[in-house]
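*Asks:* compute the structure for the input listed below.
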Amino acid sequence: MSASLLLVAVVAVVLAALCRRYGLSAPLILVLVGLGIGWIPGTPEVMLEPELVLFLILPPLLYSAAQESSYQAIRANRRAIGLLAIGLPLFTTVIVGLVAYATVPHLPLAAALVLGAVVAPPDAVSAQAIGRRVGLPRRIMTLLGGESLLNDATALTAFRVALAAAIGATASVWEGLSTFAIAAVGGLVIGLAVGFAVSWLRLWLTDPPMETAIGLMVPFGTYYVAEEIHASGVIAVVVAGLFLGQRSVRLGYATRLQDDAVRKSIDALLESFVFLLIGLQLPFLIRGLAGESWVQIAIDAAVVLAATILARFLWVYPATYLPRALSSRIRRREERPAPRAVFIVGWAGMRGVVSLAAAFAIPLTTDDGGPFPARAEILFLTFVVVVGTLLLQGTTLGWMIRRLGIGTDDAAKDRLAYASAQDRASRASERRLDELAAELAENDPRRHQVGMLRKWVTTQRNVGWEELGRGPEDIGESPTAAGNRMRMELLQIQRKVFIEERDDGHIDDEVLRTALRRLDFAEGQMDREVD
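*Replies:* Next comes the predicted model:
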């Protein structure tokens, strides 16, 4: 199994790299390729293990998303995010459960609610990726991101309650509510405790490699501790990620650069691995349905898929406009969203690997020793919902966004805000340079350094304001852009000379690595300024 998983990871990364190189949607391509590979004769069976997803894949992805999220933006939109992340999964659980109970033969209500809870949480990874590419407004991106951080906790808790009822354990409504409350509060406390402890430890260490190594362990350790005491590991990881993301500005620059590079690489690997693994599950699920009526299964799958998609729309429109109709305070505080923007939020409901992991976690038997009712059908219906939403909504989301004209001027606003803040920062720096210059004698050689720093500060200010104007295609190359281009040429010349010096035996590899590290940092600084 370990060799098969390694092979899946290698293939997934290669395919994802090709998709990114040619501008294709990696999640969709990976799922389709997985579907095709699964039917090749002799292909090793790679079955999705729930523990692999819930303990090794989900925590780092949630932690990374939380670190990149804006606490201020989530707080400002907490009402809308709460309705999406808590209300919507519970609503979806009930609606899909009732529809499945009425449609799927021999499916008890408790088992049908298990299915509803399994398909309740959307996976916003691909939705956010498409939204960033086509320029969705920031508020919609904040809603989708905030929803994805917390809806897994809601759905998985509902799954626990429904599963307890289905297997014969006692689980009343009040027990379910208390379970959810304990899990949420426990996850919040553990996440904050871990955040405080890790933040203090990383600041105390001032050792970038170790700080990054500790950061890599945070999501796994936090999730494990929370689940061990029956709290929500998802909420604990999200809270820790949000806290440490806000405190990351106090870390050293080297730690932040390392964290960013390592986190993005891990995200790319895990996301690619997950989507390919989803596609590979189909042959295994088909074998579990041997002897069933495929006509009935097709009808069940179509109905459950439709119910899953429609349930989101049945929730988002009333949840958006009804509170505004009932509360003048909300009307004063929040701008009224356009119906087309609400439609995009409703359409961005693709399901992912968390749903499949929960489905595979359904036990084979109930407490009385009998088989779990319609387990094979639940697994297959979950697979249809995941793949169906990825292919149907995922392939059309970008087109829908462009067709409805959901554009944004967030980039222009960001450039103006950056230029204004940079102007204030530059003026503060110039005041300090004036103080330093006043302390130096006229013939002090350090005055030359003050002059160089003054030019650097001026360049920083100019970059911000230049980005507000027309592009190079209209006004030609700006002075700052020309300076960066010439500086890049000089860096390439120096890099070439250092390599030649090593090849000629004049310096050894250790000296070369030191030189290249300094040149790479200078080039990286230029890239960040351009970005």
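
*Asks:* lowest average confidence, helix or strand, in the protein?
*Replies:* helix 472-475 (a mean of 47; mean pLDDT, DSSP states H and E).

*Asks:* state the next helix or strand along the chain beyond that helix.
*Replies:* Proceeding N to C from helix 472-475, the next assigned helix or strand is helix 479-503, under DSSP states H and E.

*Asks:* mind giving me the packing neighbours of the following helix or strand past that next one?
*Replies:* Note on helix 479-503: by DSSP H and E, the next helix or strand toward the C-terminus is helix 509-530. The helices and strands touching helix 509-530, judged by 3 or more CB pairs under 8 Å, 6 or more residues apart in numbering; DSSP states H and E, are helix 479-503. To be clear about C-beta, it is placed using only N, CA and C from the backbone, and glycine gets the same treatment.

*Asks:* and the helix it packs on, what's buried?
*Replies:* Across helix 479-503, burial judged by 16 or more other CB atoms under 10 Å covers 480, 484, 491, 495, 498, 502.

*Asks:* averaged pLDDT, that helix. What do you get?
*Replies:* Mean pLDDT, helix 479-503: 82.

*Asks:* show me the shaky parts of the stretch 401-531 of the chain.
*Replies:* 407-415, 418, 463-480, 525-531 (pLDDT under 70).

*Asks:* could you redo the last one with a cut-off of 50?
*Replies:* 470-475, 530 (pLDDT under 50).

*Asks:* returning to what we had before: need the buried residues of helix 479-503 in TSV (columns: distance to residue 314).
*Replies:* Below are the buried residues of helix 479-503 laid out as TSV (distance: CB to CB, whole Å):
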residue	distance to residue 314
480	52
484	52
491	57
495	59
498	64
502	66
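
*Asks:* quick one: neighbours of residue 458, just the number.
*Replies:* 13 (other CB atoms under 10 Å).

*Asks:* gap between it and residue 422?
*Replies:* 11 Å (CB to CB, to the nearest Å).

*Asks:* how many neighbours does residue 460 have?
*Replies:* For residue 460, the count of nearby residues is 16 (other CB under 10 Å).

*Asks:* please apply the same query to residue 358.
*Replies:* Residues lying near residue 358 (other CB under 10 Å) number 26.

*Asks:* confirm it sits in a helix?
*Replies:* Yes: counting by DSSP: H, G, I helix; E, B strand; the rest coil, residue 358 falls inside a helix.

*Asks:* surely it is in contact with residue 158?
*Replies:* No: between residue 358 and residue 158 there is no contact under CB atoms under 8 Å: 10.1 Å.

*Asks:* got any residues that touch both of those two?
*Replies:* Counting by CB atoms under 8 Å, 6 or more residues apart in numbering, the common neighbours of residue 358 and residue 158 are residue 117.

*Asks:* my guess is residue 509 contacts residue 502. True?
*Replies:* Yes: Residue 509 lies in contact with residue 502 (CB under 8 Å); the separation is 6.5 Å.

*Asks:* count of neighbours near residue 268?
*Replies:* Counted with other CB under 10 Å, residue 268 comes out at 16.
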